[in-house]
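K.L.:
give me a model of this one.
(one chain, ligands or ions: 1)
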Amino acid sequence: MKRTMSSSNIVQWPMASDTTFDDQQFAQWRALLEERTGMEVTAARRSFLETSIRQRMKEAGFTGFQRYFEHVSNDSIISSEWYLLVDRLTVQETRFFRDAHAMELVAEHLRAIWQRSNDPVQVWSAGCATGEEAYSLAMIMAELARRYPDQRHFSVTGSDISAPAVLKARLGTYTARKLEPVRAAWQQRYFTAEGNSMVVKPELSQRVCFTRLNVTETEQAPLQNMDVIYCQNLLIYFRRWRRRDIVTQFVDKLRPGGLLVLGPGELIDFKHDQLVAIPNKHCLAFLKKRSDSME
Ligand SMILES: C[S@@+](CC[C@H](N)C(=O)[O-])C[C@H]1O[C@@H](n2cnc3c(N)ncnc32)[C@H](O)[C@@H]1O
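P.N.:
Numbers count the residues shown, from 1 in each chain. Okay, the predicted model is just below:
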C-alpha cells in the first residue's frame with residue numbers, strides 16, 4: 001500500500017476499503033449534507049456526489065473517504081474545508097434575467113411601489129449563486145430610479161451557502177457572453193469593459209450586497225421587511241417538508257404587501273394564511289397579505 005501525506009504533513013495510511021464509495025459511505029455523506037445544508041442527495045445524484053468528494057478530497061490531500069469524512073464532519077468546528085466541499089456539491093448554474101416572466105412580475109410590483117410612495121425598497125435574492133440574479137434585480141430598480149427620480153434608498157441582498165460563489169458575486173466580473181441576456185443600453189449603463197471582461201459599475205454594485213447564508217437558517221438572518229424575496233432554482237434540492245419550512249420563514253421576512261417569487265413548480269399545493277397566490281400561468285408567486293386584509 002502506498003504511503004501518502006496530507007496537506008498538513010500528517011502521514012496517512014489509507015484503509016484498503018477507504019477508497020471505495022460504497023453504500024455506507026453514500027449513506028453517511030448524504031446524511032451529513034442534508035443535516036448541514038438541507039439538500040437532499042437522491043440516488044440519481046450519487047455519482048455526482050462521489051466524483052465531487054473524490055476530487056476535493058484529493059486536492060485537500062486526503063486519500064480515503066472515511067478519513068476525509070471524519071475531518072469535515074467534526075462538529076466542533078465547521079471548517080473552511082467544509083465550505084470548499086459544499087461549493088463543489090452545489091449547482092451554481094445561473095444567468096442574467098434567467099426567468100423573464102418572473103423578472104417582469106417583479107418589475108411591475110416595484111413600479112407600483114415607486115409610483116405609490118417614497119419608502120425605501122429592499123429586495124432579497126436567496127440562493128443567488130454568482131450574482132447574476134441579484135444584479136438583474138438591481139438593474140430593474142436602477143431603471144425605476146431613473147424614471148421616477150427621488151431620494152429613496154433601494155438595495156438588493158444576495159445570499160448563498162457557497163462562499164466562493166459569494167466572492168465571485170462581489171467581484172461582479174462577467175464575460176461578455178454572460179451579458180448577452182442584458183439589453184444593450186443596460187450593458188452600457190451598468191457595466192464597464194475591462195480587458196476581456198465586463199465589470200459591474202459602482203453605481204449598481206453599491207446597491208447590492210452579498211452574504212454567505214444557509215437558507216435553512218434564514219430565521220437568524222438580520223433581513224426583514226423585504227419588498228421582494230426572489231428564490232428560484234434552490235428549493236428543488238430540498239425535500240417537500242423543508243421547502244414549506246423555508247417558505248414559511250420567507251413569509252416572516254416579507255413586509256405586508258411584499259412579493260415572494262419562486263421557480264415554477266418548485267412548491268406544489270402550498271397554502272399559508274398570510275399569502276395570496278398571484279394568478280399567473282408563467283410564475284409561482286405570492287403576495288403577503290396586508291394586516292388590514294388578514295383573515
Ligand atoms: C442553481 S443555483 C440558482 C441560482 C439562481 N437563483 C438562479 O435561479 O439562477 C442554486 C444555488 O443555491 C445555492 N444553495 C444550495 N443550497 C443552499 C442552501 N442551503 N442555502 C443557500 N444557498 C444554497 C447553491 O450554492 C447555488 O448557488
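
K.L.:
next, count neighbours for Val247.
P.N.:
As a burial measure, Val247 scores 21 neighbours (other C-beta atoms under 10 Å). From N, CA and C alone the C-beta is placed, and that goes for glycine too.

K.L.:
how far away is it from Gln122?
P.N.:
18 Å (C-beta to C-beta, to the nearest Å).

K.L.:
same question for Ala185.
P.N.:
From Ala185 over to Gln122 the distance is 26 Å, taken as C-beta to C-beta.

K.L.:
so what touches stretch 279-289?
P.N.:
With contact meaning C-beta atoms under 8 Å, 6 or more residues apart in numbering, stretch 279-289 is reached by 99, 101-102, 105, 251, 254-267, 272, 274-278, 295.

K.L.:
are any of those residues buried, and if so which?
P.N.:
Buried subset of the contacts of stretch 279-289 (neighbour count, 16 or more other C-beta atoms under 10 Å): 99, 102, 105, 251, 254-255, 257-263, 266-267, 272, 274-275.

K.L.:
helices - which of the contacts of stretch 279-289 land there?
P.N.:
101-102, 105, 251 (DSSP state H).

K.L.:
report the mean per-residue pLDDT for the helix or strand hosting Ala165.
P.N.:
Element membership of Ala165, judged by DSSP states H and E, is helix 163-171. On average, the pLDDT along helix 163-171 is 96.

K.L.:
report the buried residues of that helix.
P.N.:
Under the neighbour-count criterion of 16+ other C-beta under 10 Å, helix 163-171 has 164-166, 168-170 buried.

K.L.:
using PDB, list the CA coordinates for that helix.
P.N.:
Written as PDB, here are the backbone C-alpha positions of helix 163-171 (Å, rounded to 0.1, in the frame of the first residue of the first chain):
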ATOM      1  CA  ALA A 163     -18.500  31.200  -0.100                       C
ATOM      2  CA  PRO A 164     -16.600  31.000  -3.400                       C
ATOM      3  CA  ALA A 165     -19.900  31.900  -5.300                       C
ATOM      4  CA  VAL A 166     -20.400  34.900  -2.900                       C
ATOM      5  CA  LEU A 167     -16.900  36.100  -3.600                       C
ATOM      6  CA  LYS A 168     -17.400  35.900  -7.300                       C
ATOM      7  CA  ALA A 169     -20.700  37.700  -7.000                       C
ATOM      8  CA  ARG A 170     -19.000  40.500  -5.000                       C
ATOM      9  CA  LEU A 171     -16.400  40.900  -7.800                       C
END
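
K.L.:
nearest to the ligand among the ones in helices among the contacts of stretch 279-289?
P.N.:
Nearest to the ligand among these is Ala102, at 9.3 Å by C-beta to the nearest ligand atom.
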